[in-house]
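Participant: I would like to see how this sequence folds:
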Amino acid sequence: MLIIAALALPAAALASSAYPAAATRPALAPGAARALASAASTGGSSAPGGSKHHRAKPHKKVLHGDPARALLAFQAMQKAYFIAGSELYAGEPFSYLWPFSQALAATITLEDVPALTKTMLPEVQARLVGLQNYLDADNSGAPEGTFTSTLPGYDGTVAPPVGPGGPKYYDDNDWVGIELMRLYKVTRVPQLLTDAESIMAFEMAGWQSSPSLACPGGIPFSNTVENNQRNTVTTAPAAELGVQLYRMTGNPGYLTFAEQAYEWVRQCLLAPNHLYADHISPKGVVEPTLWSYNQGTMIGAATLLYQVTGNAAYLAQARQTAAAALAYFTQAVLEAEDPFFVSVYFRNVIYFDSVTGESSASEAAQEYVNDAWLHDRLPGDVFVGGAPPSAQLLVQSAIVQIYGLLSSPRYTYF
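Facilitator: This next block holds a predicted model:
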């Protein structure tokens, strides 16, 4: 029935999201979703002895501006891509973890919008349930030697028995871990922390320390044996997750790893223009392509490290890259990227701005989504993006996120 439901969706809704060329998935028990559901159900109640016939109907909040557009884009995302009854999104037949992780991020971001918190709680619970479908504790079904790590993690595709499973992508697991920690900071549901720590164990085990490598260190794209590149987009978000975990647990090992990961990217992938290249090969060949999300995650990692250490050098480095990035990534450059890259970039650079008050990131983000609203929106509030432009879950969730980020307190970003 789930496959039939997926095939019944419009062709645009079935567009799969391939991983970007040369770019750079632990366990969330159902108990976490149940605990969140319990927390959501403990709202206010009517006065003792009250009758439903005499209760005043609550006034429905009327949304305007960014919150209204965030909700419309979210509702369109659910209508176009969500497969009712499965808690998953459409793909082949289900989406990769990558776009699912961004739908999770979009949902949590909207929960942080004050006017939408109660509305979004059931949606957050549904995303947590759907996430379980990607969990693979040991790469089950894979031949011996296929993967370099069999630690628990989220597969890039839906795991057995529902899907085929396969490689675990370190960046995808980073995105999931960051979102679990955002939820944990608010709810203090222990399972969320346990699962984020398990993801961190997977990330740390992926560290490439072999002296045979040029610039030893860094985290690879995936846990497949043939993978041999180490990326900014896998290593910098792992540093961010490490800081999040350190703030909540006080475990110095997380801070040590976060600093190590951040410094490795600076040492091996920082260009003279203060921006970060994409990845480095085992022999030291650097892929110089500049993507916005690589700058964003390093700006965010430096800002978070500054906050927990008080080391002003981190803030100076974030400032330097933020200035270079805002100058380089004009609206025209950002519009040529996948909106997912842009949403990661804006989350991080706006977070930096919230700490320093020194950049125009919010204005740039507002200009970006306003332009998308006018020029990239199809009937039904479905957005297109990428090259060539297409309607995808990854695109839609990015637009939801940016509108949600502009509508929510900055301290909720991490």
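Participant: Touching, residue 290 and residue 270? I think so.
Facilitator: No: Residue 290 sits out of contact with residue 270 when judged by C-beta atoms under 8 Å, with a separation of 11.6 Å. C-betas here are computed from N, CA, C, even on glycine.
Participant: Give me the common contacts of the two.
Facilitator: Counting by C-beta atoms under 8 Å, 6 or more residues apart in numbering, the residues touching both residue 290 and residue 270 are 276-277.
Participant: Let me see the contact set for the spatially most central residue of the chain.
Facilitator: In the chain, the residue lying closest to the centroid (C-alpha atoms, centre = their mean) is residue 175, at 3.8 Å. Contacts for residue 175 were tallied using C-beta under 8 Å, 6+ apart; they are 98, 101-102, 104-105, 237.
Participant: Put the buried members of those residues into a ChimeraX selection.
Facilitator: Selection of the buried residues among those in ChimeraX, burial being defined by 16 or more other C-beta atoms under 10 Å:
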select :98,101,102,104,105,237
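Participant: what ranges do the strands span in this protein?
Facilitator: 82-83, 88-89, 135-136, 153-154, 230-231, 279-280, 286-287, 377-378, 382-383 (DSSP state E).
Participant: most tightly surrounded among the ones you listed?
Facilitator: Highest mean neighbour count among these (mean count of other C-beta atoms under 10 Å): strand 153-154, with a mean of 33.
Participant: So what touches that one?
Facilitator: Contact with strand 153-154 is made by 25-26, 97, 131, 134-136, 168, 172-173, 176, 198-199, 202, 223, as judged by C-beta under 8 Å, 6+ apart.
Participant: and what of stretch 66-84?
Facilitator: Stretch 66-84 has contacts (C-beta under 8 Å, 6+ apart) with 2, 5-6, 9-10, 12-13, 63, 88-90, 93-95, 103, 106-107, 110, 113, 115-116, 119, 123, 366, 369, 373, 380-383, 391, 393, 396-397, 399-400, 403-404, 406-407.
Participant: out of these, which are buried?
Facilitator: The neighbour-count test (16+ other C-beta under 10 Å) applied to these identifies 6, 9, 13, 63, 88-90, 93-95, 103, 106-107, 110, 113, 115-116, 123, 366, 369, 373, 381-383, 391, 393, 396-397, 399-400, 403-404, 406-407 as buried.
Participant: what's the closest residue to residue 269 other than its chain neighbours in contact with, if anything?
Facilitator: Excluding the flanking residues, the one nearest residue 269 by C-beta to C-beta, 6 or more residues apart in numbering is residue 277, at 4.6 Å. Counting by C-beta under 8 Å, 6+ apart, residue 277 touches 232, 269-271, 286-290, 294.
Participant: Residue 277 and residue 413: what is the separation?
Facilitator: 25 Å (C-beta to C-beta, to the nearest Å).
Participant: before we move on, back to that, what separation is there between the residue nearest to residue 269 and residue 207?
Facilitator: 19 Å.
Participant: do the same with residue 285
Facilitator: 20 Å.
Participant: those helices in the stretch 1-150 of the chain, which residues are they?
Facilitator: For the stretch 1-150 of the chain, helices defined by DSSP state H, counting those that start in this stretch occupy the ranges 2-7, 30-40, 65-81, 97-111, 117-131.
Participant: Tell me which of these sits nearest to residue 344.
Facilitator: Comparison of the helices of the stretch 1-150 of the chain against residue 344 by C-beta to C-beta identifies helix 97-111 as nearest, at 8.9 Å.
Participant: I'd like the contacts of residue 175 as JSON lines, with pLDDT and distance to residue 356 appended.
Facilitator: Formatted as JSON lines, the contacts of residue 175 follow (pLDDT from 0 to 100; distance: C-beta to C-beta, whole Å):
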{"residue": "98", "pLDDT": "98", "distance to residue 356": "31"}
{"residue": "101", "pLDDT": "98", "distance to residue 356": "28"}
{"residue": "102", "pLDDT": "98", "distance to residue 356": "27"}
{"residue": "104", "pLDDT": "98", "distance to residue 356": "28"}
{"residue": "105", "pLDDT": "98", "distance to residue 356": "24"}
{"residue": "237", "pLDDT": "98", "distance to residue 356": "21"}
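Participant: Residue 185: which of the contacts of residue 175 is nearest?
Facilitator: residue 105 (14.4 Å).
Participant: returning to that earlier point: now tabulate the strands of the chain in TSV and tack on mean pLDDT and distance to residue 252.
Facilitator: Putting the strands of the chain into TSV (pLDDT from 0 to 100; distance: least, C-beta to C-beta, whole Å) gives the following:
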stretch	mean pLDDT	distance to residue 252
strand 82-83	98	41
strand 88-89	98	38
strand 135-136	94	29
strand 153-154	96	24
strand 230-231	98	24
strand 279-280	98	28
strand 286-287	98	31
strand 377-378	98	47
strand 382-383	98	43
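Participant: any chance of those strands in a markdown table, with distance to residue 256 too?
Facilitator: Output for the strands of the chain, formatted as a markdown table (distance: least, C-beta to C-beta, whole Å):
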| stretch | distance to residue 256 |
| --- | --- |
| strand 82-83 | 40 |
| strand 88-89 | 37 |
| strand 135-136 | 28 |
| strand 153-154 | 22 |
| strand 230-231 | 19 |
| strand 279-280 | 22 |
| strand 286-287 | 26 |
| strand 377-378 | 45 |
| strand 382-383 | 41 |
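Participant: How many residues are close by residue 379?
Facilitator: For residue 379, the count of nearby residues is 6 (other C-beta atoms under 10 Å).
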